[in-house]
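Engineer: one predicted model, sequence on top.
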Amino acid sequence: MAKTLIPVFLIFSTIVFFSTTVAGKSHKFSKKLSPEKLRFKHEKLTHLNFFFHDIVTSQNPTAVRVAEAAMTNTSKTFFGTVMIVDDPLTEGPEMESKLVGRAQGMYASAGQNELGLLMAMAFHFVEGKFNGSNLSFLGRNSVFSEVRELPIVGGGSGLFRYARGYAEARTRTLDMKTGNAVVEYNVYVFHY
């Protein structure tokens, strides 16, 4: 009996040894890191204030309709409309004020009874300390509410890596004939 167990034990021990050694090395795709190793200092809270210019009707629109449903033009909320945007972000409410970034992404009319937009956008900053940095937003925008909140999702890039926070949007002007709008954004973002 003892002679039979020794070879079984040796075979089992060899299999366990090689499987943990080989599996441990070839399949290790993650490891725990400390923020200090990545040279992260303390987390800070930054407030950004800028104006989003959504220009639908113009010689050079910054928001264009790329899709619609069969019922879109008869819907009171334009349900099914999908817009792609490359909207300027400026320091002040005037279009001529200093450009601080661009809002690039899309929004879609997702509400059948109330105008509610699903917004998926990256705010790309081109000015000052945050030049080259991005924040991503995904959320519902109830256009006719006085204040809307949109969450920052998936962190960001540049100085906004590992970002989290939210944006408050307030419509400053909306031309119902053209669809052109200016929206003030106050963004509160935690980042390193």
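Structural biologist: In hand now; what should we look at? Residues are numbered from 1 along each chain as shown.
Engineer: who's the residue most central in space within the chain bridged to?
Structural biologist: The centroid of the chain falls nearest to Ser136 when counting by Cα atoms, centre = their mean (1.9 Å). Note on Ser136: beta-bridge partners Ala122, judged by DSSP bridges.
Engineer: I'd assumed Leu150 was in contact with it.
Structural biologist: No - counting by Cβ atoms under 8 Å, Ser136 sits too far from Leu150 to count as a contact (10.2 Å). To be clear about C-beta, it is placed using only N, CA and C from the backbone, and glycine gets the same treatment.
Engineer: hang on, Pro151 packs against Gly139?
Structural biologist: Yes - counting by Cβ under 8 Å, Gly139 is a contact partner of Pro151 at 5.3 Å.
Engineer: who has more neighbours out of the two?
Structural biologist: Gly139 (18 against 14; other Cβ atoms under 10 Å).
Engineer: okay, the more buried one: pLDDT?
Structural biologist: If you check Gly139, the pLDDT there is 95.
Engineer: what sits closest to it if chain neighbours are left out?
Structural biologist: Leu150 (4.1 Å; Cβ to Cβ, 6 or more residues apart in numbering).
Engineer: how deep is the one you found tucked in, by neighbour count?
Structural biologist: Neighbours of Leu150 (other Cβ under 10 Å): 18.
Engineer: could you list the low-confidence segments of the chain?
Structural biologist: 1-27 (pLDDT under 70).
Engineer: at which residues are the strands of it located?
Structural biologist: Assigned by DSSP state E, the chain shows strands spanning 44-54, 63-67, 82-90, 99-109, 116-125, 134-142, 148-157, 164-174, 181-191.
Engineer: nearest to Lys31, of these?
Structural biologist: strand 148-157 (19.5 Å; Cβ to Cβ).
Engineer: tell me if I'm right that Gly154 and Phe137 touch.
Structural biologist: No - using Cβ under 8 Å as the test, Gly154 is too far from Phe137 to be in contact (9.6 Å).
Engineer: more crowded one of those two?
Structural biologist: Using other Cβ under 10 Å as the criterion, Gly154 and Phe137 rank with Phe137 on top: 23 against 13.
Engineer: report the buried residues of stretch 74-92.
Structural biologist: For stretch 74-92, the buried set under the neighbour-count rule, 16 or more other Cβ atoms under 10 Å, comprises 75, 77-83, 85, 87-90.
Engineer: could you dump these to TSV with distance to Ala163?
Structural biologist: Formatted as TSV, these follow (distance: Cβ to Cβ, whole Å):
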residue	distance to Ala163
Ser75	35
Thr77	32
Phe78	32
Phe79	32
Gly80	32
Thr81	29
Val82	26
Met83	25
Val85	21
Asp87	20
Pro88	22
Leu89	16
Thr90	22
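Engineer: which among those residues gets closest to Phe190?
Structural biologist: Among the buried residues of stretch 74-92, and counting by Cβ to Cβ, the member closest to Phe190 is Leu89, at 20.2 Å.
Engineer: nice, that's everything, thank you.
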